[in-house]
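**Q** Could you work out the structure for the sequence below:
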Amino acid sequence: MHIIEQHCQGKRSDQSLNEDGLIITDGFAAVVDGVTSKSVRHLWQPSGGVVAKNLAIEVIAKLPTDTDMRHVQQTINERFRQAYRECGADAAIFTDEPVERLQANAVVYSAARYEAWLFGDCQIMVNGEQIPTVKHVDELLGELRAFTALALQNKGEHQSSNPTDPARAMILPFLRLQSQFANKRGPYGYFVFDGFTDLTYPIRTVHIKFGRRSGACVGRLSPTLPHTRRIRTGTATAQARGSGADP
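**A** Model prediction:
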């Protein structure tokens, strides 16, 4: 892949705090979204989301081009477990308190296999068709957050005048409880890279065939361009040109 455009812009002025990132190698194009920490112990600096994003990108950068989906998952999983051993905290914390774990989601496109793997809460667009990954627990907590924000507004407590997010602060205990369902099956279960992933967990795989007027995108994108492959999530975006119209 020949890169013709890429961009990553965090919402903060200090880009070292950006929890989104992208990596493009000869074999892979990936966008990684570090999960905003809900930690009580604050073990990771500058944040768990930044550390998780950086570690996942570090792993993907070193992968052989023929690496398959499960090996990607396993390698990132093992790197997170290594970070737990090296951080100096009691190992039992990460086993017993999932809210303290590093967490990240990622979309990884394999150039060798013409597949995109949706690890966790992410989405991809192929030839104009949006393919999201929806977490039931996010829908539930999103409704709760909207309810709380509306209730505060009705009380005359306008969030626009508050530099923090009072609605999020009020539902933070529930956001922390969400981690109890990480990598579990069932109605509220969901996949997330946290060092404790299940290697049999269903990972959505999108098979991609590039033609003259086709393309694949991650996130909210403008219409695709001929002969291009583009990826984006949150504020991370990249555009690459393939080696031919019909690989």
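**Q** For residue 31, see how far away residue 186 is.
**A** In this view, residue 186 and residue 31 are 27 Å apart by C-beta to C-beta, to the nearest Å. Backbone N, C-alpha and C define where each C-beta goes, glycine included.
**Q** Please identify which of those two sits among more neighbours.
**A** residue 31 (28 against 8; other C-beta atoms under 10 Å).
**Q** Wasn't that one part of a helix?
**A** No - counting by DSSP: H, G, I helix; E, B strand; the rest coil, residue 31 falls outside a helix, being strand.
**Q** Confirm for me that it is in contact with residue 21.
**A** Yes - between residue 31 and residue 21 there is a contact under C-beta atoms under 8 Å: 7.5 Å.
**Q** Residue 113 versus residue 66, what's the distance?
**A** Distance, residue 66 to residue 113, by C-beta to C-beta: 8 Å.
**Q** Closest to the centroid, which residue in the chain?
**A** Taking C-alpha atoms, centre = their mean, the centroid of the chain lies closest to residue 105, which sits 2.5 Å from it.
**Q** picking up where we left off before, between residue 66 and residue 113, point out the one with more neighbours.
**A** residue 113 (17 against 10).
**Q** Report the secondary structure state of that one.
**A** coil.
**Q** Report pLDDT for it.
**A** Residue 113 is assigned 93 on the pLDDT scale.
**Q** The closest residue to it other than its chain neighbours: neighbouring residues, count only.
**A** With sequence-adjacent residues excluded and distances taken as C-beta to C-beta, 6 or more residues apart in numbering, residue 113 is closest to residue 68, at 7.3 Å. Counted with other C-beta under 10 Å, residues neighbouring residue 68 total 13.
**Q** What's the separation between residue 68 and residue 94?
**A** 27 Å.
**Q** Also residue 140?
**A** Remark: distance between residue 140 and residue 94 (C-beta to C-beta) = 25 Å.
**Q** More neighbours: these two, which one.
**A** Each of residue 140 and residue 94 has its neighbours counted (other C-beta under 10 Å); residue 94 has more, 22 against 14.
**Q** Grab the nearest non-local neighbour of the more buried one.
**A** residue 84 (4.7 Å).
**Q** Could you look up the SS state of that neighbour?
**A** helix.
**Q** quick one: contacts for it?
**A** 91, 94, 101-102, 195 (C-beta atoms under 8 Å, 6 or more residues apart in numbering).
**Q** May I ask which of these has the most neighbours?
**A** residue 102 (31 neighbours).
**Q** If we ignore the residues flanking it in sequence, what's nearest residue 53?
**A** residue 34 (3.4 Å).
**Q** residue contacts, the one you found?
**A** 19-21, 47-54, 56, 102-104.
**Q** Among these, which ones are in strands?
**A** Judged by DSSP state E, the contacts of residue 34 include 20-21, 104 as members of strands.
**Q** Mind listing what's buried along stretch 56-76?
**A** 56-57, 59-60, 63, 67, 69, 72-73, 76 (16 or more other C-beta atoms under 10 Å).
**Q** measure that stretch end to end?
**A** 6 Å (C-alpha to C-alpha, to the nearest Å).
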